[in-house]
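A.B. asks: 3D, please:
(2 chains)
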Amino acid sequence: MSATRQIRVLYFARLRERIGRNEDTLRVPMEVADLAALRGWLVARGAPWAQAFSEETRLRAAVDQRMARDDTPLRDGAEVAFFPPVTGG
Amino acid sequence: MAVRVQTEDFDAGAEIARLRAANPAVGAVASFIGVARDVNDGATVATLTLEHYPGMTERALEDIVAQARARWEVLDILVVHRVGELRPLDQIVLVAVTSAHRGEAFAACEFVMDYLKTEAPFWKRETTPGGSRWVDARLSDADARARWDEREAHE
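C.D. replies: Numbering: from 1, shown residues only, chains lettered A, B, ... in the order given. Predicted structure coming up:
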C-alpha cells in the first residue's frame, strides 16, 4: 500500500446541503499535496463532489482553520473546509 | 480585547460600559450594531439563521482584531456576533472600539466590520414567502474590504 495522508474535510452552508453531510475523513494519496490538488482529487472521485463543486462557482476554502489559497499545502491530519463566500455581519 | 460568538442577545450599553470601565485613557468609543432587516433582495424575511465554523470563527475574528490593533492606536476592541435563528429587529453583531481620539476608533470599527463581512466564516440562510434560501455574498462587501488595502498603499 502506498503512503497516504489523512484529511478531514468539512462542508458548510449551501455546499454542505449539496454534499449531503457535514464532513468526511479521507485517505488521500501523497501527491495530493495542496488545496487545488485536493479539490481536483475530490471532483475526480465523482458523486457527490463533482456536481456539488461545479454548482458552487465561487467556492472558498480554509486549511487548519485559516483562509487558504490553491497552493496552500496539506499536512497529514489536516482539517480542510470548503464553503461559499461568507455572509456574516 | 475580546471576541464572542453566542446565540444570546447582547446589551450594547452594558458591553460598552464594561469595555471602557475604569480606563480614564479612553477619550472615544465607536460602535456598530448590525441588525436583521425585514426585506432582503425584494422579499419579506421571516427568519434569518446564522451558521458558522466553530473554532475558525473565533480565530478569524481574533485575527481581524489583531490587524486593526496593529494599524491604529486603539485601547480595546470588542466583537460579539450571534448565531442561530434570528428575526427582523434582532441584533446580529456588535463591534465596539475604544481609543484616545475619535479618528482611530471610527476607522478601526469600520475596518473590523469590513473584514468580518468577507473573512469571518458565517453564513446566513433566510426564510421568505417563496421558501428558504442562502443569502449570497455581495460584491460591494468585497469592494469595501479591498478599499483598506488601497488606503494602506497610500499611507
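
A.B. asks: what about the one residue in chain A that gets nearest to chain B, which SS state?
C.D. replies: Closest contact between chain A and chain B, by C-beta to the nearest C-beta, is at residue A:88 (2.6 Å). C-beta here means a position set from N, CA and C on the backbone, and glycine is covered the same way. What DSSP: H, G, I helix; E, B strand; the rest coil gives for residue A:88 is coil.

A.B. asks: where does the closest residue to it other than its chain neighbours land on pLDDT?
C.D. replies: Leaving aside its sequence neighbours, residue A:88 sits nearest to residue B:122 (C-beta to C-beta, 6 or more residues apart in numbering or on different chains; 2.6 Å). The model reports residue B:122 with a pLDDT of 98.

A.B. asks: beta partners of residue B:122?
C.D. replies: Here residue B:122 sits in beta bridges with residue B:52, as judged by DSSP bridges.

A.B. asks: List the buried residues for the lengthiest helix in chain A?
C.D. replies: When chain A is parsed with DSSP state H, its longest helix is helix A:35-44. Neighbour-count burial for helix A:35-44 flags A:35, A:37-39, A:41-42 (criterion: 16 or more other C-beta atoms under 10 Å in any protein chain shown).

A.B. asks: now do stretch B:119-138
C.D. replies: Those would be B:119-128, B:133-135, B:137, for stretch B:119-138 by 16+ other C-beta under 10 Å.

A.B. asks: go on, stretch B:14-33?
C.D. replies: Using 16+ other C-beta under 10 Å as the test for burial, stretch B:14-33 gives B:15-16, B:19-20, B:26, B:28-32.
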